[in-house]
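A.B. asks: sequence plus the predicted model coming up.
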Amino acid sequence: MTTVEKTRELALSLDAAARDRLPIAALSAGHELDVVTAYQVQRELLELRVARGDRIIGGKLGLTSKAKRIAMGVNDPLYGFVTADMARTSGSTLALDTLIHPRVEPEVAFILKAPVEGPDATASQVLAATAYVCAALDVIDSRYEGFAFKHVDAIADNASSAAFALGDDLVSPDMDLALAGCVLEVDGVVTDSAAGAAVMGHPAAAVAFMANALASVGRRLEANWVVLSGGLTAPIPMKPGRTVTATIAGIGSVTLNAS
C-alpha cells in the first residue's frame, strides 16, 4: 500500500467513526504513524468534509498547556482546523446524540483581518493581524475508544475537533491577554478558572505557532478565519441538560447547552 493509499484509508476510518458515532482503536495501535503522516491523514479527513459541502473557516490549537505536553511526552502543541458545520452560536443547544464522548473547554478566539504567515510569525504579528478576540467554547470529541490516544492520533483526528461556539462580544485585542482571567461555570457553579497565560504564555503565541507550523507545508492562516488558541482549563464532559459558560475578563462570555 502506498503512503497516499494508507493516509486515505486511515482518514476514511476516522470519518466513518465520527459519522456513525462508533469509536475506533487509536491508529497508532495498529499502524506506524509519525507526525508528518498524521498531518497528512488530517488533511485527507478535512478533504472528505469539504467534498460533502463543508468549508474550512479557521484553525484550532491543542496541547497548548506545558503540563499536558509533559503528560503526553511531547514538546510541541498540535493544530487542526474548524469548519462551517462546526460553528454554533452562544446560548445554542448542542445535540449530544451526534457525538461520541464530547467535552468542552474555554478558549480565547482570534478573528483575523489579515493573513498570518510563517515561518517566523510572532505573537505581536498575530495581534496586529487580528480584528477581534472573543470568548469561545471548543467542543472536542475524540473518535478513539475510551478517549485514549497518543499525540499523533490526536493530530490525525483533526485535534479532536467537533464543534465550537463564539461569544457575541467582539473586542479589540489591545489588552494583555496573558493576564485575562477566565471563569468556567457548569450549571451556574464555578468549577475552574485560569488566565490567558495558561496557553503558551500568551494566547497569541499559540496562534503564531500554528502559522509557523503551517509554513512547512506551504500554508498560512487566512484573513477572516477564526482561530481557537487552546484550552484555558481542563475540558468538562458534556451531559444532557448541562449548561457550560465561560467568562473571560475584558472580553465577554459564551454559553453552550447540551441535550
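C.D. replies: Great, that's in hand.
A.B. asks: from here on, just use CA atoms for contacts and neighbour counts.
C.D. replies: Fine.
A.B. asks: give the contact list for Ile155.
C.D. replies: Taking Cα atoms under 8 Å, 6 or more residues apart in numbering, we find Ile155 in contact with 35, 38-39, 42, 78-80.
A.B. asks: let me fix that, I meant to ask about Leu221.
C.D. replies: 58-59, 115-117, 210-211, 214.
A.B. asks: bridging residues for it?
C.D. replies: Val116 (DSSP bridges).
A.B. asks: what do you get for Thr245?
C.D. replies: Glu185, Thr255.
A.B. asks: switch to numbering from 23
C.D. replies: Yep, numbering from 23; the last one is Thr267 now.
A.B. asks: tell me which of the contacts of Ile177 is nearest to Arg30?
C.D. replies: Gln64 (9.6 Å; Cα to Cα).
A.B. asks: ok but that closest one is inside a helix, no?
C.D. replies: Yes. The assignment for Gln64 by DSSP: H, G, I helix; E, B strand; the rest coil puts it in a helix.
A.B. asks: count of neighbours near Asp56?
C.D. replies: Counted with other Cα atoms under 10 Å, residues neighbouring Asp56 total 15.
A.B. asks: what sits closest to it if chain neighbours are left out?
C.D. replies: Val174 (6.4 Å; Cα to Cα, 6 or more residues apart in numbering).
A.B. asks: double-check that the one you found belongs to a helix.
C.D. replies: Yes. Per three-state DSSP, Val174 lies within a helix segment.
A.B. asks: still on that earlier bit, scan the contacts of Ile177 and report the most crowded one.
C.D. replies: Neighbour-wise, those (other Cα under 10 Å) top out at Tyr101, 30 neighbours.
A.B. asks: secondary structure and pLDDT added to the contacts of Ile177, as JSON lines?
C.D. replies: Listed next are these as JSON lines, based on DSSP: H, G, I helix; E, B strand; the rest coil; pLDDT from 0 to 100:
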{"residue": "Val57", "secondary structure": "helix", "pLDDT": "94"}
{"residue": "Ala60", "secondary structure": "helix", "pLDDT": "96"}
{"residue": "Tyr61", "secondary structure": "helix", "pLDDT": "97"}
{"residue": "Gln64", "secondary structure": "helix", "pLDDT": "98"}
{"residue": "Leu100", "secondary structure": "strand", "pLDDT": "95"}
{"residue": "Tyr101", "secondary structure": "strand", "pLDDT": "98"}
{"residue": "Gly102", "secondary structure": "strand", "pLDDT": "98"}
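A.B. asks: how about Ala145, phi and psi?
C.D. replies: phi -60, psi -40 (degrees, to the nearest 10).
A.B. asks: thought Trp247 was touching Ile79?
C.D. replies: Yes. Trp247 is in contact with Ile79 according to Cα atoms under 8 Å; the separation is 5.3 Å.
A.B. asks: need the helices for the stretch 123-272 of the chain, in chain order.
C.D. replies: Here the stretch 123-272 of the chain has its helices, by DSSP state H, counting those that start in this stretch, at 145-150, 173-178, 225-237.
A.B. asks: now the last one - C-alpha only, PDB.
C.D. replies: Below are the C-alpha coordinates for helix 225-237, written out as PDB (Å, rounded to 0.1, in the frame of the first residue of the first chain):
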ATOM      1  CA  PRO A 225      -2.900  33.000  23.500                       C
ATOM      2  CA  ALA A 226      -1.400  34.900  20.500                       C
ATOM      3  CA  ALA A 227       1.800  32.800  20.900                       C
ATOM      4  CA  ALA A 228      -0.300  29.700  20.200                       C
ATOM      5  CA  VAL A 229      -1.700  31.300  17.000                       C
ATOM      6  CA  ALA A 230       1.800  32.200  15.900                       C
ATOM      7  CA  PHE A 231       2.900  28.600  16.500                       C
ATOM      8  CA  MET A 232       0.200  27.400  14.100                       C
ATOM      9  CA  ALA A 233       1.200  29.900  11.500                       C
ATOM     10  CA  ASN A 234       4.800  28.800  11.700                       C
ATOM     11  CA  ALA A 235       3.900  25.100  11.600                       C
ATOM     12  CA  LEU A 236       1.700  25.700   8.500                       C
ATOM     13  CA  ALA A 237       4.600  27.300   6.700                       C
END
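A.B. asks: if anything else comes up later, I'll come back, but that's it for now.
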